[in-house]
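> Got a predicted structure plus its sequence, pasted below:
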Amino acid sequence: MLAGIAFHPKDPIDDLLAAIAEGMLANGKSVAGYVQKRRKDADCGTLVHVRNLRSGDEMPITKNRGKMAKGCKLDGDALSTLASQLSRDVEAGSDVLIIARFGRSEAEGRGLRDVISRAMDLEIPVLVGVRDEYRDAWDAFHGGYAKALAFDETAIEDWLAQAPAGMVSA
């Protein structure tokens with residue numbers, strides 16, 4: 001099971017996904033994945049941190065490149081570390097994998113694509129936040145397999161409840 005949740009830049013996708021994770025955890029389910037938090041930074045405006053939903057650990061995923069820097073601040077090493085953490089979490093077993101963003105790295109064929117694919121191989125339901133600008137790359141990645149979900153907690157919970165036998169639902 002694979003589902004994409006369409007969202008716009010100002011939508012609170014991380015709050016929505018964290019609520020889904022918290023609900024599952026409260027019901028004794030195992031959750032792998034991450035959500036993002038933005039933190040103010042004096043030099044570059046905002047830095048992005050990710051919180052691992054299984055361990056609770058946080059780490060920066062962007063770099064402070066200074067006030068005059070232009071272009072993406074994504075820290076490739078941090079993204080690789082996140083991918084390694086999530087791979088271990090998926091291999092250990094989980095009732096759901098939550099990926100907050102299908103972003104530029106995934107659109108370019110890198111990032112967390114392998115983690116998503118491995119979770120699907122293991123029949124772990126996967127929820128992915130998909131911003132409009134990466135919709136075409138997302139569609140090419142899943143090739144018509146993913147369900148499109150509304151930006152709505154009830155719709156997501158209903159989708160998780162439909163997990164076939166062998167998959168654990170919310």
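Received it, and whenever you're ready, just let me know what you need.
> Quick one: the strands in this structure, in order.
Taking DSSP state E as the test, the strands found in the chain are 2-7, 31-41, 45-52, 58-60, 96-99, 126-131, 147-149.
> Determine which stretch of those is the most buried.
For the strands of the chain, ranked by mean neighbour count under the definition mean count of other CB atoms under 10 Å, the leader is strand 96-99 at a mean of 26. In short, each C-beta sits where N, CA and C put it, glycine included.
> Report the central residue of this protein.
residue 99 (1.3 Å; CA atoms, centre = their mean).
> any idea which helix is longest in this structure?
Assignment by DSSP state H gives helix 76-91 as the longest helix of the chain.
> Also compute the angle for that one relative to strand 126-131, please.
150 degrees (axes from the mean of the first three to the mean of the last three CA atoms, to 10 degrees).
> For helix 76-91, what does the pLDDT average out to?
Average pLDDT, helix 76-91: 91.
> same thing with stretch 38-56?
What stretch 38-56 shows for mean pLDDT is 74.
> and stretch 79-89, C-alpha only, in PDB?
Taking C-alpha atoms only, stretch 79-89 is exported to PDB below (Å, rounded to 0.1, in the frame of the first residue of the first chain):
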ATOM      1  CA  LEU A  79      19.900  12.900   4.000                       C
ATOM      2  CA  SER A  80      22.100   9.800   3.700                       C
ATOM      3  CA  THR A  81      22.100   9.400   7.500                       C
ATOM      4  CA  LEU A  82      18.300   9.800   7.500                       C
ATOM      5  CA  ALA A  83      18.000   7.200   4.800                       C
ATOM      6  CA  SER A  84      20.200   4.800   6.700                       C
ATOM      7  CA  GLN A  85      18.200   5.300   9.900                       C
ATOM      8  CA  LEU A  86      14.900   4.700   8.100                       C
ATOM      9  CA  SER A  87      16.200   1.600   6.300                       C
ATOM     10  CA  ARG A  88      17.100   0.100   9.700                       C
ATOM     11  CA  ASP A  89      13.700   1.000  11.100                       C
END
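> What separation is there between the nearest residue to residue 127 once chain neighbours are set aside and residue 150?
Leaving aside its sequence neighbours, residue 127 sits nearest to residue 98 (CB to CB, 6 or more residues apart in numbering; 5.0 Å). According to CB to CB, to the nearest Å, residue 98 stands 16 Å off from residue 150.
> what do you get for residue 77?
Using CB to CB, residue 77 is found at 35 Å from residue 150.
> try residue 97
For residue 97, the distance to residue 150 - CB to CB - is 20 Å.
> Nothing else from me, thank you.
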